[in-house]
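*Asks:* Here you go, sequence then predicted model.
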Protein chains: 2
Amino acid sequence: MAATKQVYIGIIGAGGVGKAFLSQLEQLAKRRPDPKLVLTYLSTSSKALYSDNHAAIDIPTAVTQLQNNSVGAPLALPKIAEYLASVPGGKAVLIDNTSNQDIAESYPLFLSKGVSVVTPNKKAFSGSYKLWQDIFSAAATSGAKVYHESSCGAGLPVISTLKDLVDTGDEVTRIEGVFSGTMSFLFNSFAPTEGAGGKWSAEVTKAKELGYTEPDPRDDLNGLDVARKLTILARLAGLPIESPTSFPVQSLIPKELESVASGDEFLQKLPEFDSQMEDVKTAAEKEGKVVRFVGSIDVASKQVKVGLEKFDRSHPIAALKGSDNIISFYTKRYGSNPLIIQGAGAGGEVTAMGVTSDLIKVLSQI
Amino acid sequence: MAATKQVYIGIIGAGGVGKAFLSQLEQLAKRRPDPKLVLTYLSTSSKALYSDNHAAIDIPTAVTQLQNNSVGAPLALPKIAEYLASVPGGKAVLIDNTSNQDIAESYPLFLSKGVSVVTPNKKAFSGSYKLWQDIFSAAATSGAKVYHESSCGAGLPVISTLKDLVDTGDEVTRIEGVFSGTMSFLFNSFAPTEGAGGKWSAEVTKAKELGYTEPDPRDDLNGLDVARKLTILARLAGLPIESPTSFPVQSLIPKELESVASGDEFLQKLPEFDSQMEDVKTAAEKEGKVVRFVGSIDVASKQVKVGLEKFDRSHPIAALKGSDNIISFYTKRYGSNPLIIQGAGAGGEVTAMGVTSDLIKVLSQI
């Protein structure tokens, strides 16, 4: 029998997703001895573990090793690409567990050197359309793989399902859904299908306290996170969307609070604007509906939009629970009833799961 | 550049799914020139197209060619395996678009000879546990691939999602859902969440007229189709289920009608037993619920069962529409809110789509 193949793994990022992924990688390496997975690079924004001979880093203690004072600074991105491209046997995968723009922009470099890329980082796929094209043409030329399931809906099979629909020749006519766990939680509490719900500012404050929002909640309320996900899906469906700001995105930040200095000041002043959201809720209720923050892509008319919409209380989007996402794919083959994917679309463990399942797909192909 | 790789395709079955698949294969071959797809064997139960030199069969006219009087009988299964194993370059995929037991039992032979298998045929994966083990050990030994997404929920990403959950180390605790388009249609009409619904026998007759049931509706009402799907999912979740008859399956065929000669006679006499199902419906209504025909797998207690259960009207299983399937995966990572897949789980086009997407996965790996 041939010797067991080795695949070298380089990881950037050791935050919530990064730590969950390391734990899943450790289990994966135990369950699947072939190919042998060799962690050979691990970095945060300030420190990195690596060695001239691409030695294996012990996975269970990797994060602790990284905290050692003697550990030096990370390599520059082109150096990391060179380092991974020169592993013995030539098989390497970069796992980018950050949301960093510079790393995203370096994917074409990694891919052109034959290093596959797996990432939950939305920046690369929702940045300029040129970056999108550069990434996929670099991969096509070198044969390296690029997977990013967790860039939309975390571990939910959203991107793989859309790819399957497109690759098998189905015609995707419309995609709509709730793409943000934060927005889902806010509206399921603010405008529940049963009962009255709380005041808008109180729900935002509660969501922040529960850790469901970014440190500054405006980074969720501006709609950009949802717009990035829609950009990715629209491009996969064949629309050459230029950027996440090239279609209408409704911000839920009152104009007057856009420029206040801090998230805390924003939360302090938000109650003054509660009547705005209350009016929206009441208008929906008068039609027997509830309001939700959704994104939609109409493929035929090439229209993408993000914002508030009203739904019947029995609609699956209205009936969502907790911070779940729901994504409906309307296609020619599926007819009037869409293919629906629903479940938790955020969180370290499920995001890392999408990264791990992508890695498994890459391992089966390189 | 290296010459374009060729992959040879052998197809058994040219019924509803088979024809839809041939049309998708034709489009796929046009869109993806690499690897070149060569259809080299196509058969029904009585006729087959093939040639000593593995010549390419023209895909658009393949079904018409098959109808020609001069076309001979199909090869015996071991001969088909030899034929596909000996294609130039050695890369071949058997597509079994039948529901035939004998073909299912020959998969280990095909796989052991290095021929990959893609199929919507439930028989192989829900037959004896020994056959299941033989299939996957033959594949592991030879490196040939075996994919069967459409054996549960047609093209819905049910099997791939369950595999991803298991392969990434999540702990699946429970799977439940509506796994039959026929049963879904029957109960959504018989016991709708709003309105009264029709008589049971009238709904069964209507479903048959619309082509939603097997020629003899008892083949749906006996629950075996659902039991087969549950067997497959339970095995993927790690339970060594012996067969689809080794756990409780509730049949909706009144005892007295089990042995009547024909489906027509069954439908004629079914109204005499309407009170039985009416009682079930009324009992659910008294609790404010509706009745549905569901399957469930409790992984921890190793319990699998198929039959009638009551659900709150707001439960996603109760709110299902048309003939849609819904499958909920409860796992450790996803917590109290399950990962849900919903949509059409039957029909030639969507079943063929699952086959085509499986084929694409095989092509990327062989």
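*Replies:* Great, that's in hand.
*Asks:* wait, residue A:120 sits on residue A:355?
*Replies:* Yes. Here residue A:120 lies in contact with residue A:355, judged by CB atoms under 8 Å, at a distance of 5.8 Å. All C-beta atoms are positioned from the backbone trio N, CA, C, and that covers glycine.
*Asks:* Quick check: neighbours shared by the two?
*Replies:* A:17, A:97, A:149-150 (CB atoms under 8 Å, 6 or more residues apart in numbering or on different chains).
*Asks:* now, among the residues you listed, which is nearest to residue B:249?
*Replies:* Closest approach between these and residue B:249, by CB to CB: residue A:149, at 35.4 Å.
*Asks:* Hmm, residue A:161 and the closest one touching each other?
*Replies:* No. Counting by CB under 8 Å, residue A:149 does not reach residue A:161; the two are 9.8 Å apart.
*Asks:* Neighbour count for the two, which is higher?
*Replies:* residue A:149 (27 against 24; other CB atoms under 10 Å in any protein chain shown).
*Asks:* which residues in chain A form strands?
*Replies:* Using DSSP state E, the strands of chain A run over A:6-12, A:36-43, A:48-49, A:92-96, A:116-118, A:146-147, A:172-178, A:289-298, A:303-312, A:324-331, A:339-344.
*Asks:* can you put these in TSV and add mean pLDDT and mean neighbour count?
*Replies:* Output for the strands of chain A, formatted as TSV (pLDDT from 0 to 100; neighbours: other CB atoms under 10 Å in any protein chain shown):
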stretch	mean pLDDT	mean neighbour count
strand A:6-12	97	24
strand A:36-43	97	22
strand A:48-49	97	22
strand A:92-96	98	27
strand A:116-118	98	27
strand A:146-147	98	24
strand A:172-178	97	23
strand A:289-298	97	22
strand A:303-312	97	19
strand A:324-331	97	24
strand A:339-344	97	26
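*Asks:* Those strands: which one's closest to residue B:303?
*Replies:* strand A:339-344 (23.3 Å).
*Asks:* Give the partner strands of the closest one in its sheet and their orientations.
*Replies:* Sheet pairing of strand A:339-344 (DSSP bridges) gives strand A:324-331 (antiparallel), strand B:339-344 (antiparallel).
*Asks:* I'd like to check the angle between the longest one and strand A:289-298, please.
*Replies:* Orientation of strand A:324-331 against strand A:289-298 (axes from the mean of the first three to the mean of the last three CA atoms, to 10 degrees) gives an angle of 50 degrees.
*Asks:* hmm, who's touching strand A:324-331?
*Replies:* Residues contacting strand A:324-331 (CB under 8 Å, 6+ apart): A:153-154, A:156, A:158, A:161-162, A:165, A:170-181, A:184, A:316-317, A:320, A:338-346, B:337.
*Asks:* go on, stretch A:99-107?
*Replies:* Contacts of stretch A:99-107 (CB under 8 Å, 6+ apart): A:12-13, A:45, A:77-78, A:81, A:96, A:117, A:119, A:121-124, A:127, A:131, A:135, A:138, A:146.
*Asks:* Just the buried residues of that stretch, please?
*Replies:* A:99-100, A:103-107 (16 or more other CB atoms under 10 Å in any protein chain shown).
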